[in-house]
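Engineer: Need a 3D model of the sequence below.
(chains A and B)
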Amino acid sequence: MKNDSKPTPPANPSSEKIVVVGAHTILGALLIDSLEDDLSILEYYVIDLHPPTRRLYKKATFIQVDLIAPGADAVLAEELTKIAASILVHCALKNNPSLIWVYAHELEVIGTLNLVHAAKAAEVKKFILCSSTAVYGASAKHPNYLTESTPLAKNSEAHFVRDKVDAEKQVTQLLEDAPQMAVVILRFCLILGPRSDNYFTELFRRGVVPTLLGYDPLMQFIHETDALDALRIATFGDHRGTFNIIGRGVIPLSYALRNAGKVGIPLPSFIAYPAIQLLWNMQMVSVPGKLLDFFRYLWVADGEKAKKVLGFESKKTSKETFLEFAKSKFIDSNHTQNSDPTPSETASL
Amino acid sequence: MTSKQKNVHAFRKSKSSKVQRPRGETEAGLYQLGEDLDKFHQDPNRFDFKQIESIAKDFFSLLKKELGRNLVAADGSFVGRLQKIRKAFQANEVDDYGMDRDFELAIKPFFDFVYSKYFRVSVQGIENIPDTGRCLLVSNHSGVIPIDGAMLKVAIMNGHPAKRELRFLVDDFVFHFPFMGTLMNRIGGVRACPENAERLLNAGEIVSVFPEGIKGISKLFKDRYKLERFGRGGVVRLAMKTKSPIAPVAVIGAEEIYPLIFKSHILARPLGLPFIPITPLFPLLGPLGAMPLPTKWTIHFGKCISYENATAQDLNDGILINKETESLRQTIQQMVKDGLEKRKSVFGV
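Structural biologist: Numbers count the residues shown, from 1 in each chain, chains lettered A, B, ... in the order given. As a prediction, this is how the structure comes out:
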């Protein structure tokens, strides 16, 4: 860590009051860890229902607010005004589709609405929303690379996607209502890493993975350290706008499965959709049937804008990220022999 | 003597009579078949349809023989061959657009066979295609199953001195279907949309476009070699925007592989297909009728048309773009006409 070079008071401590909403999503957890380790940060605030418990957060002030409670916006506004918050990082959108979709909808849409109201009332300088590239939806009509201006899948059948689109809409409303506020929306692709926990990593917990017969979409992954880098650039830099935060390159799903030593069970799509939905209702798979489009069609995003404007480019490619993830979590030595990696792959492991 | 025996006899005769030609058995057989089919083309009414079935059966045995030779493993064993096929279908490394070069090389023998033996493609003016940098190939489109795109790709890969990779734009509906979309994607096809084409051209790739689209491949036999409307001028606009030269291409021979006498839209709708083709052989002979007729192909590459001087103003000038598109269509139509005049027979030499 950086502790060895400068132990006590840094030269120019940041005067920004950073508020992180959602300490238990991967991005929120990564951000508060990095803020805790950052010597230029003297204090920061965390808003969640439960305090973060992963380690001892000495600089954090925990504010317990239920985002979906009636009148939460007033409580939030009061708290934000009290601490004179300047940067609000909203990481509370869910990583995973939820069976209790009503709660997920309340949290993502109404929770974001409450936060937006509070930020406006407390005159926060910057509002950062951590969204997902899933908002574009997956479709056979997509171009190979989706830019930030691509229309969002607001009519998607999956609540997981539709709620995120709604949440983004609440935040973009801020552009009109509070033009002085810097609004940043970061759309992350699938985040993989030692701490990642999303519907995609869940799939890899089992030996066999259902796939769709005849479809092998290109997938895109970002490593959690890269994702954190992008989030830090957005937090501390002077930027506004919407950015896709993605890892370089793509890998086909079949390649991913093979290298993780998993056996794909190809199901014809007319069987797969209802079957997976049934299994989802029984909580035996991590993906609802409506989200299977993401394992069927393209939803690869273009990171050119983030590279140009934010100066962010992922250090690891999608392939490296996936191989590292597969190695660290699920692969065992037997499978490495079967999957027969080339020398270059072995080097990157 | 039955028609089948007669045909086998014809094969033997052709082998002995055309010794002076340095050709393999397969090719000589095809030439003989070509002459037979020429007779059909000249006078369909007097043709014995039963003979076609036996001809097609012979085709299959030839094809099987040819493919067996190409796919046989080094040790010649059945298991080895299966493994080779299996390995070829597993993507290992794809580029940013999903093209897998290993897979492409694995299935190339099949396309080489179709290219050099089945359709006996001859190429003219390949030197007009630049060795480096972007280029847009615009061609006439035909043949129900768009094999002309694949043949164009093989022509550039085999015939061009720089052995360039051709990217082609594939219509949307293909990506809805299992296997087809993935297959197209792995051999260098991307969905036909301005975003993809622009991105590929800006990356200095060589891209082929069939502006006739579905209208082109669903041309009836009586309308063969009459070029349809070229979309809405997207091709010229694309060339102007990316400042890429357009190489007009005329594919002669492809429009006769399926003599389409009727197309059914009603039957096609439940399958999600644009149309169901009805030819003299399909669906009468079942899958056998789906075999394309072995016409002799010629691909003419015209001189590149430069759009270097196009200004931003021209891009908004719909009338100019329409004019340019129409003149491009006329150029290709003229090339097709010239090619047809030079051609002596449809199936033969």
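Engineer: neighbours of residue A:179, just the number please.
Structural biologist: Residues lying near residue A:179 (other CB atoms under 10 Å in any protein chain shown) number 8. All C-beta atoms are positioned from the backbone trio N, CA, C, and that covers glycine.
Engineer: Same question for residue A:210.
Structural biologist: So residue A:210, with other CB under 10 Å, has 19 neighbours.
Engineer: Same question for the one 10 residues further on.
Structural biologist: Burial measure for residue A:220: 25 neighbouring residues, criterion other CB under 10 Å.
Engineer: ok, it - contacts?
Structural biologist: A:133, A:189, A:190, A:246, A:247, A:249, A:250, A:300, A:301, A:318 (CB atoms under 8 Å, 6 or more residues apart in numbering or on different chains).
Engineer: what does residue A:249 give?
Structural biologist: Applying CB under 8 Å, 6+ apart, the residues contacting residue A:249 are A:220, A:317, A:318, A:319, B:96.
Engineer: Once you drop chain neighbours, what's closest to it?
Structural biologist: Nearest residue to residue A:249, sequence neighbours excluded (CB to CB, 6 or more residues apart in numbering or on different chains): residue A:317, at 4.1 Å.
Engineer: how much space between the one you found and chain B?
Structural biologist: Note on residue A:317: its distance to chain B, by CB to the nearest CB, to the nearest Å, is 10 Å.
Engineer: looking at the sheet around that residue, what are its partners?
Structural biologist: Residue A:317 has the following beta-bridge partners by DSSP bridges: residue A:248.
Engineer: Thought residue A:250 was touching it, still the case?
Structural biologist: No: using CB atoms under 8 Å, residue A:317 is not in contact with residue A:250, being 9.0 Å away.
Engineer: which of these two has more neighbours?
Structural biologist: With neighbours defined as other CB under 10 Å, residue A:317 and residue A:250 compare such that residue A:250 has more, 24 against 19.
Engineer: residue contacts, residue 302?
Structural biologist: If you meant another chain, say so; for now it's chain A. Residue A:302 touches A:145, A:146, A:147, A:148, A:244, A:246, counting by CB under 8 Å, 6+ apart.
Engineer: That was the other one, I meant chain B.
Structural biologist: Residue B:302 makes contact with B:125, B:128, B:247, B:248, B:249, B:250, B:331, B:332, B:335, according to CB under 8 Å, 6+ apart.
Engineer: count of neighbours near residue B:106?
Structural biologist: Number of residues near residue B:106 (other CB under 10 Å) recorded here: 18.
Engineer: So which residues of the stretch 151-300 of chain B form strands?
Structural biologist: Using DSSP state E, counting those that start in this stretch, the strands of the stretch 151-300 of chain B run over residues B:166-170, B:189-191, B:206-209, B:246-252, B:262-264, B:276-278, B:298-301.
Engineer: Can you narrow the contacts of residue A:302 down to the ones near chain B?
Structural biologist: Among the contacts of residue A:302, proximity to chain B is found for A:145, A:147 (CB under 8 Å from any CB of the partner chain).
Engineer: from the contacts of residue A:302, which is closest to residue B:219?
Structural biologist: residue A:145 (32.9 Å; CB to CB).
Engineer: hmm, which of the contacts of residue A:302 are the buried ones?
Structural biologist: When these are checked for burial by 16 or more other CB atoms under 10 Å in any protein chain shown, the buried set is A:145, A:146, A:147, A:148, A:244, A:246.
Engineer: Residue A:45: what's it in contact with?
Structural biologist: Applying CB under 8 Å, 6+ apart, the residues near residue A:45 are A:17, A:18, A:19, A:20, A:60, A:61, A:62, A:63, A:83, A:85.
Engineer: and the gap between the second one and residue A:311?
Structural biologist: Counting by CB to CB, to the nearest Å, the separation of residue A:18 from residue A:311 is 20 Å.
Engineer: Pick out whichever of those two has more residues nearby.
Structural biologist: Per other CB under 10 Å, whichever of residue A:18 and residue A:311 has more neighbours is residue A:18, with 23 against 10.
Engineer: the strands in the stretch 1-150 of chain A, which residues?
Structural biologist: Along the stretch 1-150 of chain A, counting by DSSP E, counting those that start in this stretch, strands occupy A:18-21, A:44-48, A:60-64, A:87-90, A:126-132.
Engineer: List the buried residues in the first one.
Structural biologist: Buried residues in strand A:18-21, counted by 16+ other CB under 10 Å: A:18, A:19, A:20, A:21.
Engineer: Can you report how many residues lie near residue A:175?
Structural biologist: Neighbourhood size, residue A:175 [other CB under 10 Å]: 12.
Engineer: typo on my end, it should be residue A:279
Structural biologist: Neighbour tally, residue A:279, other CB under 10 Å: 16.
Engineer: What is whichever strand or helix holds residue A:232 packed up against?
Structural biologist: Element membership for residue A:232 (DSSP states H and E) is helix A:224-236. Helices and strands touching helix A:224-236, by 3 or more CB pairs under 8 Å, 6 or more residues apart in numbering or on different chains; DSSP states H and E, are helix A:26-37, strand A:87-90, strand A:126-132, strand A:182-188, strand A:190-192, strand A:241-245.
Engineer: Recalculate using a threshold of 7 Å.
Structural biologist: When contacts are defined as 3 or more CB pairs under 7 Å, 6 or more residues apart in numbering or on different chains; DSSP states H and E, helix A:224-236 packs onto helix A:26-37, strand A:126-132, strand A:182-188.
Engineer: In TSV: the buried residues of strand A:18-21, plus pLDDT and distance to residue A:196.
Structural biologist: Output for the buried residues of strand A:18-21, formatted as TSV (pLDDT from 0 to 100; distance: CB to CB, whole Å):
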residue	pLDDT	distance to residue A:196
A:18	94	23
A:19	95	24
A:20	95	18
A:21	95	20
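Engineer: Give me the nearest residue to the residue in the stretch 101-250 of chain A positioned nearest to chain B, chain neighbours excluded.
Structural biologist: The minimum distance from the stretch 101-250 of chain A to chain B, using CB to the nearest CB, falls at residue A:214 (2.3 Å). Sequence neighbours aside, residue B:178 is the residue nearest to residue A:214 in space, at 2.3 Å (criterion: CB to CB, 6+ apart).
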